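Participant: Sharing a model that was predicted from the sequence below.
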Amino acid sequence: MQKGIWVIGDVHGEYDKLILLLSKLPKDAVVCFTGDLIDRGEDSAKVVELIINSGYFCVLGNHELMMIKSDESKQDKEYWFHNGGLETLSSYAEFGDEVFKAHIEYFKTLPYFLYYEIEGHIPLVVSHSYIHHIWVNQEHIYSEDDAEDILWRHMNKSEYFDEEKEAKNGIFNIFGHMPVYDAVITNTYAMIDTGAVYENNKYLGTLSAIHYPSLKVIST
């Protein structure tokens with residue numbers, strides 16, 4: 001990890017934007033994704049195949065969790081479909097059921113967070129949403145009860161952030177989930193979901209990556 005790591009925000013099936021963004025990164029870049037690889041965009045299956053075949057790192061997002069749970073009940077399936085699952089399901093037409101099932105099994109292996117130590121810098125924690133408020137340490141095993149916070153918490157109000165705990169945690173947290181017009185970067189966290197799938201919003205619609213520890217941002 002001497003050269004650090006590039007963290008890419010929510011892709012949401014935007015395969016072409018992902019290819020473009022990856023072409024802008026160093027050829028030897030270590031890459032990690034914040035989850036939400038799928039849903040809403042047209043090419044979710046291609047995105048997941050690329051990430052698996054390339055050996056990139058990734059944490060679990062709430063949309064991956066919805067796809068996992070879509071087989072559990074009619075209500076879960078309808079909820080997933082309502083949140084972009086129909087587009088994802090359509091993207092598997094050229095791949096078939098076996099690939100669909102294999103991707104679900106892959107999603108089941110994704111962790112809630114990934115922890116990286118980079119010499120001379122505070123450790124990096126990549127998660128789908130903000131994790132500072134429930135952070136313990138890298139050895140702590142979070143339960144499904146914690147998923148509501150780690151996967152679903154929308155950080156759209158200043159009071160949701162806990163500056164006192166951030167200072168005590170001794171980590172830098174990079175996360176996505178909440179679309180922002182530009183990457184939001186502080187001394188203790190960075191929000192990197194710039195709304196790749198929302199092309200109709202003039203302030204969103206780009207896919208972004210941030211490098212740690214330099215905090216350089218590259219977007220499509």
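Facilitator: Thanks, I have the structure now. Please read all numbers here as calculations on a predicted model, not as lab measurements.

Participant: could you measure Asn137 against Ile171, distance?
Facilitator: 9 Å (C-beta to C-beta, to the nearest Å). Where C-beta positions appear, they are placed from N, C-alpha and C, glycine not excepted.

Participant: Over to Tyr79?
Facilitator: In terms of C-beta to C-beta, Tyr79 sits 32 Å off from Ile171.

Participant: Show me the helices in this structure, by range?
Facilitator: Secondary structure of the chain (DSSP state H): helices at 15-24, 44-54, 62-69, 74-80, 86-91, 97-109, 147-152, 163-169.

Participant: quick one: the longest one to helix 44-54, angle?
Facilitator: Relative orientation of helix 97-109 and helix 44-54, computed by axes from the mean of the first three to the mean of the last three C-alpha atoms, to 10 degrees: 60 degrees.

Participant: ok so, going back, can you put the helices of the chain in a markdown table and add mean neighbour count, distance to Ser214 and mean pLDDT?
Facilitator: Below are the helices of the chain laid out as a markdown table (neighbours: other C-beta atoms under 10 Å; distance: least, C-beta to C-beta, whole Å; pLDDT from 0 to 100):
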| stretch | mean neighbour count | distance to Ser214 | mean pLDDT |
| --- | --- | --- | --- |
| helix 15-24 | 17 | 15 | 98 |
| helix 44-54 | 19 | 22 | 98 |
| helix 62-69 | 22 | 28 | 98 |
| helix 74-80 | 14 | 37 | 97 |
| helix 86-91 | 19 | 34 | 98 |
| helix 97-109 | 14 | 30 | 97 |
| helix 147-152 | 17 | 26 | 95 |
| helix 163-169 | 14 | 20 | 96 |
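
Participant: what would those look like in TSV with distance to Met191?
Facilitator: Output for the helices of the chain, formatted as TSV (distance: least, C-beta to C-beta, whole Å):
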stretch	distance to Met191
helix 15-24	17
helix 44-54	21
helix 62-69	15
helix 74-80	25
helix 86-91	24
helix 97-109	23
helix 147-152	15
helix 163-169	13
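
Participant: Many thanks, we can stop here.
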